[in-house]
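> model the structure of this input:
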Amino acid sequence: MRTTIKAKLIKMNLLVIFPILVLILLITVFTIDRYQLNNVKKNLLKDSYILQLYLNQYFTTNRQKILPEKELYFLNHDLNRMVKLRTELFYLPSDLYFDSNQEEIEHNKISFLNDTGVRLALEDKKNYYIKKEGQFRTFLISFPFYCDKELTGVMRLTYPLHEEDLLKKRLFIALSIVGLIVLFLLGILLSFFTGQIVIPLAKLKMAVQSFAEGHLTDNLKIVSGDEVEELAASFNEMTGKLKNLIENLRIEKDKQKNFFNQMTHEFRTPLTTIIGYADLLKKLDSDQERGECAKYIISESKRLLRMVDDILKSSMQTTYTLKLDKKP
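Okay, here's the model as predicted:
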């Protein structure tokens, strides 16, 4: 399938620009998402630090062996109101689990204790990670709390990243639309600028086709300020030289025609004379008259020979040229 130069140039540029736009889109979305996650992490670490200090002081102040379940419930409820996040508290001495989200407490307790972050917190390792649940992500941070430097329990804060994920999705869609618009505008601009290259080439192509059909023209006008304009100037110069060459050949042909016409006339005169005297020679009886006829025949023959020699010399001069380059 034939593809035009214009289509090739547009396709080539778009194939180069499209991956760059996609890369910019992904880098932009990723950078903004990382920025948001860093802000969430800073806030959660700050809240976890405050809650950890608060719990350490609370349990150190209330040095009872085992705190009642009701008090722990309200404690978790107060902590939930402080940070306005989902709080989960696990109290080791009585193996009690409290969740500010009251639904499915027992099921949540099992998943809470099986969580990797909670297990690390039970090993005295504060940690955080991001978990994906369905279409959205959740930021989880787990940390231990103590009573008189003894591990008392674990708390986990849960921050849903719904807004961040929605913003990421909307940003991706918006940037994709902007990218498509940019590609569309680039396609229009590329079509315009490639036309500035292809149109002069099309003119040059038409001039060459006309040249191939025998119509010589040296008035091809292309103003592009680049190599195509220089090529058009060279084409005009070539056609001008060819026109001059053809004109010179026509003149030479006319000269040759005139020359042959003249030479035919010049040959005819001595030949007619020779033939005439040769016919007359047969009819004469006098030796003197025959001698006169022979004299004219020889004279005209020599004249004809000189003419032939002159033609041969002229042919040699036009065929072979000798140029001397004198140097000391």
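> tell me which element I66 is part of?
For I66, there is no helix or strand it lies in under DSSP states H and E.
> which sections of this protein are below the confidence cut-off?
Applying pLDDT under 70 to the chain flags the ranges 1-6, 103-107, 195-205, 207-208, 211-230, 232, 235, 315-322.
> show me where this protein has helices.
Assigned by DSSP state H, the helices in the chain fall at 5-61, 69-83, 105-113, 116-122, 162-212, 227-283, 287-319.
> buried ones in the fourth one?
Within helix 116-122, the residues that count as buried by 16 or more other Cβ atoms under 10 Å are G117, V118, L120, A121, L122. Heads up, the C-betas are built off the backbone N, CA and C, glycines and all.
> mind giving me the packing neighbours of it?
Contacts defined by 3 or more Cβ pairs under 8 Å, 6 or more residues apart in numbering; DSSP states H and E place helix 116-122 against strand 127-133, strand 136-147, strand 150-160.
> for T87, which of these is the nearest?
Each of the helices and strands packed on helix 116-122 was scored for nearness to T87 using Cβ to Cβ, and the closest is strand 150-160 (6.2 Å).
> ok, that closest one: who's next to it in the sheet?
Sheet pairing here is set by DSSP bridges, and for strand 150-160 it gives strand 86-91 (antiparallel), strand 136-147 (antiparallel).
> E71: which of the ones you listed is closest?
Of all the strands paired with strand 150-160, it is strand 86-91 that lies closest to E71, at 10.1 Å by Cβ to Cβ.
> dump the C-alpha coordinates for that closest one into PDB.
This file holds the C-alpha atoms of strand 86-91, laid out as PDB (Å, rounded to 0.1, in the frame of the first residue of the first chain):
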ATOM      1  CA  ARG A  86     -11.100   4.400  62.600                       C
ATOM      2  CA  THR A  87      -9.300   3.100  65.700                       C
ATOM      3  CA  GLU A  88      -8.800  -0.500  66.700                       C
ATOM      4  CA  LEU A  89      -7.400  -1.300  70.100                       C
ATOM      5  CA  PHE A  90      -6.300  -4.700  71.300                       C
ATOM      6  CA  TYR A  91      -5.700  -5.100  75.100                       C
END
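> that one relative to helix 5-61, how many degrees between them?
If you take axes from the mean of the first three to the mean of the last three Cα atoms, to 10 degrees, strand 86-91 sits at 40 degrees to helix 5-61.
> could you tell me the angle between strand 86-91 and helix 69-83?
150 degrees.
> what residues does strand 86-91 touch?
The contact list for strand 86-91, computed with Cβ atoms under 8 Å, 6 or more residues apart in numbering, reads 51, 67, 72, 75-76, 79-80, 96-101, 108-109, 112-113, 118, 152-160.
> ok, of those residues, which come out buried?
51, 67, 72, 75-76, 79-80, 96-100, 108-109, 112, 118, 152-159.
> that older thread, among the strands paired with strand 150-160, which is the most enclosed?
The highest mean neighbour count among the strands paired with strand 150-160, using mean count of other Cβ atoms under 10 Å, belongs to strand 86-91: a mean of 22.
> run the chain-centre distance for it.
For strand 86-91, the separation from the chain centroid amounts to 57 Å (computed by Cα atoms, centre = their mean, to the nearest Å).
> from now on call the first residue 45
With 45 as the first residue, the last one maps to strand 130-135.
> give the contact list for D323.
Listed by Cβ under 8 Å, 6+ apart, the contact set of D323 is empty.
> for I341, see how far away it is.
Counting by Cβ to Cβ, to the nearest Å, the separation of D323 from I341 is 11 Å.
> what is the end-to-end distance of stretch 117-137?
End-to-end distance of stretch 117-137 (Cα to Cα, to the nearest Å): 15 Å.
> so who does the closest residue to K176 other than its chain neighbours touch?
In space, and not counting its chain neighbours, K176 is closest to T182: 7.6 Å by Cβ to Cβ, 6 or more residues apart in numbering. Counting by Cβ under 8 Å, 6+ apart, T182 touches I174, K175, K176, T202, Y203, P204, L205.
> ok, now how distant is the third one from G197?
If I follow you right, that is K176. Computed as Cβ to Cβ, the K176 to G197 distance reads 27 Å.
> same thing with the second one?
Relative to G197, K175 is positioned 21 Å away (criterion: Cβ to Cβ).
> now do the fifth one
When Cβ to Cβ is the yardstick, Y203 and G197 sit 20 Å from each other.
> repeat for the last one
When Cβ to Cβ is applied, the distance between L205 and G197 equals 26 Å.
> quick check: bridge partners of the residue nearest to K176?
Beta-bridge pairing of T182 under DSSP bridges involves K175, P204.
> just the one 4 residues further on next, same as before
Here S186 sits in beta bridges with N171, R200, as judged by DSSP bridges.
> check contacts around Q80.
With contact taken as Cβ under 8 Å, 6+ apart, Q80 is in contact with E208, L211, K212.
> if you set the cut-off to 6 Å instead, what comes out?
By Cβ atoms under 6 Å, 6 or more residues apart in numbering, the residues touching Q80 are E208.
> is it correct that L69 is in contact with I221?
No: contact criterion Cβ atoms under 6 Å: L69 and I221 do not qualify, at 10.6 Å.
> L275: neighbour count?
If you count neighbours by other Cβ atoms under 10 Å, L275 ends up with 16.
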